[in-house]
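# Dropping a prediction and its sequence here:
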Protein chains: 4
Amino acid sequence: MKVAFTSDNIAGASESVLQAMMEASQGDAMPYGNDDMTAEVTAMLSTLFECDVAVFLVSTGTAANVLSISAMTPPWGSVLCHSESHLLKDESTAPEFYTGGARFVGIGGAHAKIDPVQLKKIVSQKVGDVHTAQPSALSISQVTEVGSVYSLEEIRAITKIAKEANLPVHMDGARFANALVALGCTPAQMTWQAGIDIVSFGATKNGVMAAEAIVVFNPELAQSLGFRRKRGGHLHSKMRLLSSQMKAYLTDDLWRHNATHANAMMALLQDGLKTIPSIKINTPAQANMLFCTFPEGMADSLLAEGFAFYGGRWEEGVVRLVTSFRTPKAGVEAFVNSARRYHDAKLGK
Amino acid sequence: MKVAFTSDNIAGASESVLQAMMEASQGDAMPYGNDDMTAEVTAMLSTLFECDVAVFLVSTGTAANVLSISAMTPPWGSVLCHSESHLLKDESTAPEFYTGGARFVGIGGAHAKIDPVQLKKIVSQKVGDVHTAQPSALSISQVTEVGSVYSLEEIRAITKIAKEANLPVHMDGARFANALVALGCTPAQMTWQAGIDIVSFGATKNGVMAAEAIVVFNPELAQSLGFRRKRGGHLHSKMRLLSSQMKAYLTDDLWRHNATHANAMMALLQDGLKTIPSIKINTPAQANMLFCTFPEGMADSLLAEGFAFYGGRWEEGVVRLVTSFRTPKAGVEAFVNSARRYHDAKLGK
Amino acid sequence: MKVAFTSDNIAGASESVLQAMMEASQGDAMPYGNDDMTAEVTAMLSTLFECDVAVFLVSTGTAANVLSISAMTPPWGSVLCHSESHLLKDESTAPEFYTGGARFVGIGGAHAKIDPVQLKKIVSQKVGDVHTAQPSALSISQVTEVGSVYSLEEIRAITKIAKEANLPVHMDGARFANALVALGCTPAQMTWQAGIDIVSFGATKNGVMAAEAIVVFNPELAQSLGFRRKRGGHLHSKMRLLSSQMKAYLTDDLWRHNATHANAMMALLQDGLKTIPSIKINTPAQANMLFCTFPEGMADSLLAEGFAFYGGRWEEGVVRLVTSFRTPKAGVEAFVNSARRYHDAKLGK
Amino acid sequence: MKVAFTSDNIAGASESVLQAMMEASQGDAMPYGNDDMTAEVTAMLSTLFECDVAVFLVSTGTAANVLSISAMTPPWGSVLCHSESHLLKDESTAPEFYTGGARFVGIGGAHAKIDPVQLKKIVSQKVGDVHTAQPSALSISQVTEVGSVYSLEEIRAITKIAKEANLPVHMDGARFANALVALGCTPAQMTWQAGIDIVSFGATKNGVMAAEAIVVFNPELAQSLGFRRKRGGHLHSKMRLLSSQMKAYLTDDLWRHNATHANAMMALLQDGLKTIPSIKINTPAQANMLFCTFPEGMADSLLAEGFAFYGGRWEEGVVRLVTSFRTPKAGVEAFVNSARRYHDAKLGK
């Protein structure tokens, strides 16, 4: 089989992560996060984020997102997020479930980034009016659902509007590392220094098998999360399975190396595709995901050759390409070459 | 450190399980359970249970229990379970959360087994009366919370009462293997042939790191579980992490070997403790868990020596001892010897 | 004070309704709807709708709507409704609360009527995909939130799309009578014959103090509603308070007379305002509610004179005018005259 | 038909209440509680309770109870109440629904009053342990479900235990007036001065058609109740229907007069029944409800004569008798005479 750009969740895990899981699984350890390694992970994340953080490990990104947000809104609140966000598009009604039935309100904006003008309009609408869901929290995705990345200025502009309306802000960082590498800033700069209260610090898509950290910068919001995690059935008894993965992920900058590779492969892929006139880049990829439009027949031809990726879910001809920490360079080149061959054969040079 | 009888969740995993996790983590695989190994696990469980089953893998026992039960009751229903059950005692309000606010009603009975007489009285109470929570489902624990095991006759007697009142029955099988080994019957006999509709088939306490299978015998009850699992944030993207553990667990009867060892170590432990006059066996251990009462000072003395177990949570002097798939025989003997030494020294021969 | 067009919920009740409440409050009656009058109301509604219906009386419109819809969707479903509907705009998060956290999805369409093309696109999206809220029910408002009325053809076109996708359809009939009078059809034609499964048959805005009937045409959907109503705290003990109002409302066509008057007053009002060049009719009123745009200063001037209505909540200059069963003709004429005087004085003839 | 002791919810309303409803229904009034009369009711209740209170009017007792309690507990909390309380026995799963899935824990105690010893044991159990529902609120019923009345000392003893564990206390005062008259104390003494944070101040069972006031003494607990009431569908648009009833109920001590009559009739009834040797008083009636045990055949004989009351729901021979604000003295006497005649005829003098 040729290289697959289906998603970054089809790749396994980095060798050192697997090694760490193995080692951590030996011997006895106290359950439910009362083991040493879990404490170590919290310390490592505090160092990484340059401040004291509360950490809650879970095994899925949906759990990380909806638990985080559930700590931010009463059930009569509305949570503002982009209308194309993962929260609204791909997490079933987990958001409503975990918040006890809050309203999730989609806001527009180009390239799946929230438009500050629209946000400003809605953020303090009908405050105190019992008839209307009360704006209570904001969630942004970094990387976004279409592969774009908020600049630090953009994050700050948005969180400023939220904060002026007393709304805490969550960041869905399922691809946190890819965004950070793209921006070249520090984790602190991209989060609490930019107004983020809780981040879903994703690792599963970038080199671990199943581990996400809810990282809380605002201590008040952390108080209920232990109860919420247990109540959601997300408190692992053998927590070291999660903490060992996260520890390895944070050790020797593995997370950064993995994301750097994924982003570099995407850059190579994008640069290659740009040279093919019949392909249209829909949203320029800044991290490891690209939406582009192929000419008629190209997608089928590439799939027939053995490449894998998602298409047929969006507008006519639109495909999504995702690279990962283990996408091979040769695979990218082969893909571009195949696409070019198709173009040349069918559409002329 | 000496041997710990704290819980069966302090042990790691069997070697072959770890090996399987490692291997399964190589290469690409389709996400969300669309991988081959997940299909394989379903087939293996169908063979094991001698019927077609629907399987939903999750990573915690609480998730397995509350998702199972949520498929059985409307939010205005009452779910009957033993008043000492894990559901009522140790899963926060996850039961209420996942059922959308059903009522969980504790029923009494010796040794944490549901008393059929009490069950019969409550099972069809005020059916159709909108003022009263409607009896809708029954959940039993096998092994129970105090280490006893229902006989097949006992299970059948209880499910018969439930079925006559149209209540589906769930089995919390967090220690399924230990119970099965204790009874010496087949998985089919202990479940669907005895009237069970869904079992939480636990593996985490018996040799894997994190994997539980919701095994559904009643196809109608399976229909909503895919949606419920996703909505609860329990659908793993890299499902092979769970399926590989479960596959290894089911391969070459590992699950049975592990439970056989744990039960044997408990038998050894219990037999030893029985010979010490100052120790009272509260509930005779049939599987791998024992509640007994130590004379004053004995628990502290053993803890000071470096043994580990829970005490101080129940009546004066009551301790809980749990063996696992990797409890060493020498450790058990050392514990019994230490207890005997304490008895002899303090209480005379 | 001059006439108020604030809302139809500021008016009290028709004389015969009050009389009926008084009479019904004498003596003893069985509680919780087990009284004769409640049975009588069900019979009257069955006659009115020309089919056997199940009826659940409640005291608020929000309760009628959200209870109805809760019987139509699982918690992982999405409920489709107009983005300007009362459900989405004015009922807090009661919809999410009563459905156990379903998703409410706003659909566009001119004059607050659902656009069939948009509906068709969304109605069978990602069916069976656990990641996405599953289209499960449709709710339309008749009269709509801006005062327009669906024609029978329009209702049928929309319910046809829903039915082809297996979605039951709810009608929010808070202003049912006003819509019916506008269309000049039968209750059966506007509901079950046009594909409606449950209607919130509103009375409170049209001559009673507090009584709404959930009228269910699809017997299957009625089964859970008794439990849901009790569980929501909406089962009145002295049900005759509600049933007496509803009985009087249905007697001698009071409901039709009241709505006819309200609509006639609106027609008079609209006809008058149309003759004033500086006033723009936004949505032509078909029933008893009108949205129009006043020239600068006109609203303030009319309010200062003592008229009452809502403005300042929508686009610049937009006001909402609502007539009721007891809006006096002289009041309407006085309002039009005042508006005209303002126009003439400020904007010239 | 002869006098009915079925329940106090079978009686209609006092004349002045009906008169007030009629008058209040005339003319226009602002909706949703923004009318003058609703403000007046709050002022009257503040005077009555001798402190500033927040008031939320609703139309059912279940709504009053569950809304009150929902403001006191997080969804992972447990709410302590008597195992025979209305909350646990007669309100379906409304408690779980409104609290977002909290656990309701029944506590024992003679005559349906909470046993302080049992309460003390449970009130601070496993605080901070995420595995266990966290004790979060206490609810007591005054009058209790079996007709007994807590003394002020008893209330204080119980609330003291709760307060020491930081639990707010709710009083289900569906029969508040009957209890107060029985104790001969002030409303302040029986509530906030005795440690009550919120009372469901019932009126429906004592002379109005449908009106209950959630009276909040602790301002912090009042903050969310406006949102909760709307979200539950319990915010009446024509609020004056409720406020007029409550105003009349509070005017000229009507509430006290009605309860005094009901209690007096119960005293007469109880005194009469006590003189009949074959009748056993189960719980001495202190207010307007009595549980007693009739000899075989007596209940059937009285029902056959045309009297009405509930039996057959509890232990063999147990019947419940409830008097109301309009129970006629002659009816009570007739009942006692009939019972005596039966006794004399069947069981000898």
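Nice, thanks for sending it over.

# Look up how far A:Ala24 lies from the residue lying closest to A:Asp52 once chain neighbours are set aside.
Nearest residue to A:Asp52 in three dimensions, chain neighbours excluded: A:Ser46, at 5.4 Å (C-beta to C-beta, 6 or more residues apart in numbering or on different chains). Where you see a C-beta, it was placed from the backbone N, CA and C, and this is true even at glycine. Distance of A:Ser46 to A:Ala24, given as C-beta to C-beta, to the nearest Å: 20 Å.

# And those two? Which one has more around it.
A:Ala24 (23 against 15; other C-beta atoms under 10 Å in any protein chain shown).

# State the helix or strand in which the residue nearest to the more buried one when sequence neighbours are not counted lies.
Counting by C-beta to C-beta, 6+ apart, A:Ser244 is the residue found nearest to A:Ala24 once chain neighbours are left out, at 3.4 Å. Using DSSP states H and E, A:Ser244 falls within helix A:240-250.

# From the contact counts, what lies against that helix?
Helix A:240-250 is packed against helix A:15-24, helix A:36-49, strand A:54-58, with contacts defined by 3 or more C-beta pairs under 8 Å, 6 or more residues apart in numbering or on different chains; DSSP states H and E.

# correct me, but A:Gly317 touches A:Glu296?
Yes - at 6.9 Å, A:Gly317 counts as touching A:Glu296 under the criterion of C-beta atoms under 8 Å.

# and the helices and strands packed on helix A:240-250 as a markdown table, adding distance to C:Thr38?
Listed next are these as a markdown table, based on distance: least, C-beta to C-beta, whole Å:
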| stretch | distance to C:Thr38 |
| --- | --- |
| helix A:15-24 | 64 |
| helix A:36-49 | 59 |
| strand A:54-58 | 50 |
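
# Run through the residues that contact the residue nearest to the spatial centre of chain A.
Residue closest to the average C-alpha location in chain A (C-alpha atoms, centre = their mean): A:Ala174, at 2.1 Å. Each residue near A:Ala174 by C-beta atoms under 8 Å, 6 or more residues apart in numbering or on different chains is listed here: A:61, A:86, A:141, A:143, A:200, A:202, A:204-205, A:212.

# What sits closest to it if chain neighbours are left out?
Using C-beta to C-beta, 6+ apart, the nearest residue to A:Ala174 is A:Gly202, at 3.9 Å.

# Against C:Val66, how distant is the one you found?
A:Gly202 is 36 Å from C:Val66, by C-beta to C-beta.

# Of those two, which one has the most company?
Neighbour tally, A:Gly202 and C:Val66, criterion other C-beta under 10 Å: the higher count belongs to C:Val66, 30 against 24.

# tell me the contacts of the more buried one?
Contacts of C:Val66 were listed using C-beta under 8 Å, 6+ apart, and they are C:87, C:91, C:94-95, C:97-99, D:233.

# so the host helix or strand of it versus helix D:61-70, what angle?
Under the criterion of DSSP H and E, C:Val66 resides in helix C:61-70. Relative orientation of helix C:61-70 versus helix D:61-70 (axes from the mean of the first three to the mean of the last three C-alpha atoms, to 10 degrees): 90 degrees.

# Let's see the helix or strand just after helix C:61-70 as PDB, backbone CA atoms only.
Of the helices and strands lying after helix C:61-70 in sequence (DSSP H and E), the nearest is strand C:77-82. Provided in PDB are the C-alpha atoms of strand C:77-82 (Å, rounded to 0.1, in the frame of the first residue of the first chain):
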ATOM      1  CA  GLY C  77     -30.200  13.400  17.800                       C
ATOM      2  CA  SER C  78     -30.400  16.800  16.200                       C
ATOM      3  CA  VAL C  79     -33.700  18.600  16.000                       C
ATOM      4  CA  LEU C  80     -34.200  20.800  13.000                       C
ATOM      5  CA  CYS C  81     -36.000  24.100  13.400                       C
ATOM      6  CA  HIS C  82     -35.800  27.600  12.000                       C
END
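
# And the residue of the stretch 201-349 of chain A closest to chain B?
Of all residues in the stretch 201-349 of chain A, the one sitting closest to chain B is A:Gly233 (3.5 Å; C-beta to the nearest C-beta).

# My assumption is that that residue lies in a strand; please confirm.
No - assignment of A:Gly233 by DSSP: H, G, I helix; E, B strand; the rest coil gives coil, placing it outside any strand.

# State the distance from the nearest residue to it once chain neighbours are set aside to B:Ala308.
Distance criterion C-beta to C-beta, 6+ apart; nearest residue to A:Gly233, sequence neighbours excluded, is B:Ala63 at 3.5 Å. For B:Ala63, the distance to B:Ala308 equals 27 Å [C-beta to C-beta].
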